[in-house]
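Q: Would you be able to build a 3D model of this:
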Amino acid sequence: MPYLPEKTKNGVKIGSVELIWANNSMDFFFSNSILIEDPESTLVDPSANFSYFESLASQKKVKRVLNTHYHIDHRSLNSLFRNAIFMCHELDLPSLSSLENYLKYADQVRDSEYIQWLEEIFSRLDIRDPYFSVTLKDGDLLPLKDQEVQVIHLPGHTPGHIGLFFKEISLLYTSDIDLTPLGPWYANISSSIEEFQQSIDRIRHMDCTYYATSHGKRVYTPDQFAEKLQRFANAFAIRENKILENLKKSPRNIEELSKIGIIYRKVQLASDPLKVSFERQMLEKHLDKLIRENKVHQEDKLWHLT
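A: Below you'll find the model as predicted:
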């Protein structure tokens, strides 16, 4: 008999797994979280709900914390659980263990709006680097007593980005393959378009009853998930075609390309320097890919069609 989702005060519960919706999932330092109830309960990505997690911390109910990757919106409340055992994928361990490493992976422009924003947020939220005593890899099972939860390595967003397959309730959690209308986000030095696409292809073929992501307050059926995932995946080609269409009109440098509105809307780029930084980094990823495909080349800092 399949488990049915039940609404809770903080989200949705399926079996002994509670999906906790972020209070403000559109903000850069909030994402959904998961509480896996077990004799020694595990909390995935503490970020969604300060008051709820403060209560859990005071009860000493959470014995383990898992971060699905190193981004700030998936770890902003780690410090509430200082006595817990911390877990992550081995490839994201450096960036989770050190702000300095995080910044190295974030942007090669050392004084960019993104770097400045990260430094300010880490300071304002008093985010501290916990000690990760358990590192994971693809196919590992979480150390739970009463259920089976498997690590699914889904790189691209970050090198060690993971999803989780909850076997008992047939739920696939895809973390920041998040199906948002904007599409994939890969504005880090450590991000990879090709790996992101491969990860999307991998989960496309995973047959589950339920699907959930780190942003948006929704549990998807297989049909809903397939439709949203395809739209999400299409964003890569749409962005790439926009780059090629604009270079067909005239050669441009990266600053000119970054103002067109290929990923974010022009009005967003005009009012939000942080999005300008993201736009530039993601366009650079596409241009690097297009070079490898012999579709563009660079001369005197201008990008040309090949």
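Q: Which secondary structure elements does the lengthiest helix in the chain sit against?
A: Criterion DSSP state H: the longest helix present in the chain is helix 222-249. Applying 3 or more Cβ pairs under 8 Å, 6 or more residues apart in numbering; DSSP states H and E, one finds that helix 222-249 makes contact with helix 193-204, strand 210-212, helix 273-292, strand 296-299, strand 302-305. C-beta here means a position set from N, CA and C on the backbone, and glycine is covered the same way.
Q: wait, which of these is closest to N83?
A: strand 210-212 (27.8 Å; Cβ to Cβ).
Q: would CSV of the helices and strands packed on helix 222-249 with distance to Y264, mean pLDDT and mean neighbour count be doable?
A: Formatted as CSV, these follow (distance: least, Cβ to Cβ, whole Å; pLDDT from 0 to 100; neighbours: other Cβ atoms under 10 Å):
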stretch, distance to Y264, mean pLDDT, mean neighbour count
helix 193-204, 17, 98, 17
strand 210-212, 26, 98, 26
helix 273-292, 5, 95, 19
strand 296-299, 21, 96, 14
strand 302-305, 19, 96, 16
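Q: show me where this protein has strands.
A: 6-7, 11-14, 17-20, 33-36, 41-44, 62-66, 85-89, 132-136, 149-153, 162-166, 171-173, 210-212, 296-299, 302-305 (DSSP state E).
Q: Bridged to H297, which residues?
A: Applying DSSP bridges to H297 yields these beta-bridge partners: H304.
Q: and the gap between it and H304?
A: Using Cβ to Cβ, to the nearest Å, H297 is found at 6 Å from H304.
Q: I'd like the strands of the chain laid out as CSV, including distance to S190.
A: Below are the strands of the chain laid out as CSV (distance: least, Cβ to Cβ, whole Å):
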stretch, distance to S190
strand 6-7, 37
strand 11-14, 30
strand 17-20, 27
strand 33-36, 23
strand 41-44, 21
strand 62-66, 19
strand 85-89, 12
strand 132-136, 17
strand 149-153, 14
strand 162-166, 14
strand 171-173, 22
strand 210-212, 25
strand 296-299, 22
strand 302-305, 23
